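1. sequence-free structure coming up:
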């Protein structure tokens with residue numbers, strides 16, 4: 001029997017890709033668009049090989065539970081929010097993405113997978129209004145951190161108050177990937193009701209010291225690092241008694 005995410009399946013995908021590039025490819029049971037103009041050849045290859053956001057998907061696979069409410073900040077092309085929605089239902093998944101160009105891609109991902117998470121094209125920060133966002137040609141590199149950009153185009157996006165949204169949604173599980181913006185987001189966030197956090201850190205932007213300070217902040221807030229689920233720069237933290245394997 002060939003496992004969908006196993007090495008043999010990956011080799012077969014790599015072989016098939018030489019002859020045919022599909023419109024959609026399966027990642028952890030979620031169909032993702034491959035031929036959209038915003039999907040670069042490099043990202044398209046990751047999708048076709050089942051490697052796109054694999055580290056986060058492995059963590060979510062092991063720690064997402066039926067009773068969780070997921071808040072994903074930095075939805076990208078909608079992969080993780082679609083994956084969570086397939087497992088616990090779209091009504092329990094809330095996704096946020098600041099880049100307006102990705103809305104079409106995310107909705108396509110949701111539609112082809114038959115899921116309906118809540119989706120908002122906003123930035124979450126302190127207070128409501130507007131904010132600067134720096135859009136890179138490679139969508140995944142877009143960020144709120146000007147110093148982290150290369151040839152970014154600056155745009156203005158709607159800003160929604162982070163803690164008002166947390167109070168409205170009442171998430172138990174935060175998934176965060178915002179290209180260095182995590183250093184500004186977590187100090188602001190009311191995490192009192194959050195039990196689990198999956199965060200991709202960005203040492204190339206924050207430096208080792210910045211990542212260390214972020215983890216120290218989460219430790220101070222009562223979270224524990226799950227050593228068994230460290231995936232390079234992606235970490236899973238939980239409150240004792242929540243998010244642990246039996």
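-> Nice, I can see it. Note that the coordinates shown come from a computational prediction; the quantities given were computed from them, not determined experimentally.
2. by contact count, what packs against the longest helix anywhere in the chain?
-> The single longest helix within the chain, with elements called by DSSP state H, is helix 203-220. When contacts are defined as 3 or more Cβ pairs under 8 Å, 6 or more residues apart in numbering; DSSP states H and E, helix 203-220 packs onto helix 182-188, strand 234-238. Where C-beta positions appear, they are placed from N, C-alpha and C, glycine not excepted.
3. Residue 50: which of those is closest?
-> If you check each of the helices and strands packed on helix 203-220 against residue 50 by Cβ to Cβ, strand 234-238 wins as the nearest, at 16.7 Å.
4. ok, and which of the helices and strands packed on helix 203-220 has the densest surroundings?
-> strand 234-238 (a mean of 22; mean count of other Cβ atoms under 10 Å).
5. where does this protein dip in pLDDT?
-> 1-20, 140-150, 242-246 (pLDDT under 70).
6. could you pull out the helices for it?
-> Under the criterion DSSP H, the chain contains helices at 7-17, 41-48, 54-63, 79-88, 103-113, 162-169, 182-188, 203-220.
7. Dump those into TSV; add distance to residue 156 as well.
-> As requested, those are arranged in TSV below (distance: least, Cβ to Cβ, whole Å):
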stretch	distance to residue 156
helix 7-17	39
helix 41-48	26
helix 54-63	29
helix 79-88	24
helix 103-113	16
helix 162-169	18
helix 182-188	18
helix 203-220	22
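8. what's the closest of these to residue 73?
-> Of all the helices of the chain, helix 182-188 sits nearest to residue 73, with 6.9 Å by Cβ to Cβ.
9. Please parse this protein into its domains.
-> Using automatic domain parsing, the domains assigned to the chain come out as 1-52, 53-119+163-238.
10. count of residues packed around residue 215?
-> Using other Cβ atoms under 10 Å, residue 215 has 17 neighbouring residues.
11. Residue 124 contacts residue 96, correct?
-> Yes: with contact defined as Cβ atoms under 8 Å, residue 124 reaches residue 96; the gap is 5.7 Å.
12. Overlap of the contact sets of the two?
-> When contacts are counted by Cβ atoms under 8 Å, 6 or more residues apart in numbering, residue 124 and residue 96 have 73, 165 as shared neighbours.
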